[in-house]
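Participant: okay, structure incoming, though there's no sequence with it:
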């Protein structure tokens, strides 16, 4: 089995989610291979490796369609637990595409917790610390160094498990199906001409956040 083949125009390379390139981008040697496992290919931290094409991560405790394990969703506090006069949708748990983001950004498990590792990865040479995107001051959390003093502060990137103070996700866009004049209908089947996306008519993390954006700073 050969190396995974990346698309020639794959925009993730050089972005903040290009995990294999973070050392070079940040000018350090402390991230891939130290803080988390360096799998050699940035795609596999989210996407199923091509050699596992056809496999379903959900059969192995993963998020449906994605190469990440499901976080402990029973810890999530969603909105609105006691009802709302303004929100028509009441999701039970985040949809898979937003669960993918939360599996890192809720800070509960290591950023390298993938279901399928690439065939080129040699686990016998892996000495990574398997750290979590968590702002806590402990050796298993990125916040141990990324506290604004040793390295840039990551606290704003940690969503946690209490989602009640964050923008609603996994909810049907109000301009679809609801009689709400404050929301205009989307421009096309995937969302809006300005780049804002809908996923099966729902607002998700990636509706506004482009994980492949190479222009954002760390």
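Facilitator: Done, it's in. Remember, predicted model here, so these are calculated numbers, not experimental data.

Participant: for residue 20, give me the pLDDT.
Facilitator: In this model, residue 20 is scored at 85, pLDDT.

Participant: residue 135 touches residue 158, doesn't it?
Facilitator: Yes - the criterion here is C-beta atoms under 8 Å, and residue 135 meets it with residue 158 at 4.8 Å. Yep, even glycine has a C-beta here, placed from its N, CA and C like the rest.

Participant: what does the longest helix seen in the chain rub up against?
Facilitator: Assignment by DSSP state H gives helix 96-105 as the longest helix of the chain. Identification of contacts with helix 96-105 by C-beta atoms under 8 Å, 6 or more residues apart in numbering yields 46, 63-66, 68-71, 73, 76, 93-94, 109, 111, 113, 133, 157-159, 169-170, 199, 204-206, 209, 211.

Participant: next secondary structure after it?
Facilitator: For helix 96-105, the following helix or strand on the C-terminal side (DSSP states H and E) is strand 171-172.

Participant: distance from the chain centre to that following strand, please.
Facilitator: Offset of strand 171-172 from its chain centre (C-alpha atoms, centre = their mean, to the nearest Å): 19 Å.

Participant: tell me which helix or strand in the chain has the weakest average pLDDT.
Facilitator: helix 22-26 (a mean of 75; mean pLDDT, DSSP states H and E).

Participant: hmm, who's touching that helix?
Facilitator: 14, 16, 18, 29, 30, 31, 32, 33, 218.

Participant: OK, contacts around the fifth one?
Facilitator: When you say that, I think you mean residue 30. 23, 145.

Participant: which of the contacts of helix 22-26 sits closest to residue 181?
Facilitator: Among the contacts of helix 22-26, residue 16 lies closest to residue 181 (C-beta to C-beta), at 37.5 Å.

Participant: buried ones in the least confident helix or strand of the chain?
Facilitator: 22, 23 (16 or more other C-beta atoms under 10 Å).

Participant: measure the closest residue to residue 31 other than its chain neighbours to residue 72 for me?
Facilitator: Spatial nearest neighbour of residue 31, excluding adjacent residues (C-beta to C-beta, 6 or more residues apart in numbering): residue 22 at 4.3 Å. Residue 22 sits 26 Å away from residue 72, going by C-beta to C-beta, to the nearest Å.

Participant: thinking again about what came up before, any of the contacts of helix 96-105 buried? List them.
Facilitator: Neighbour-count burial (16+ other C-beta under 10 Å) applied to the contacts of helix 96-105 gives 46, 63, 66, 68-71, 76, 94, 109, 111, 113, 133, 157-159, 169-170, 199, 204-206.

Participant: returning to what we had before: list just the nearest of the contacts of helix 22-26 to residue 182.
Facilitator: Nearest to residue 182 among these, with distances taken as C-beta to C-beta, is residue 16, at 32.8 Å.
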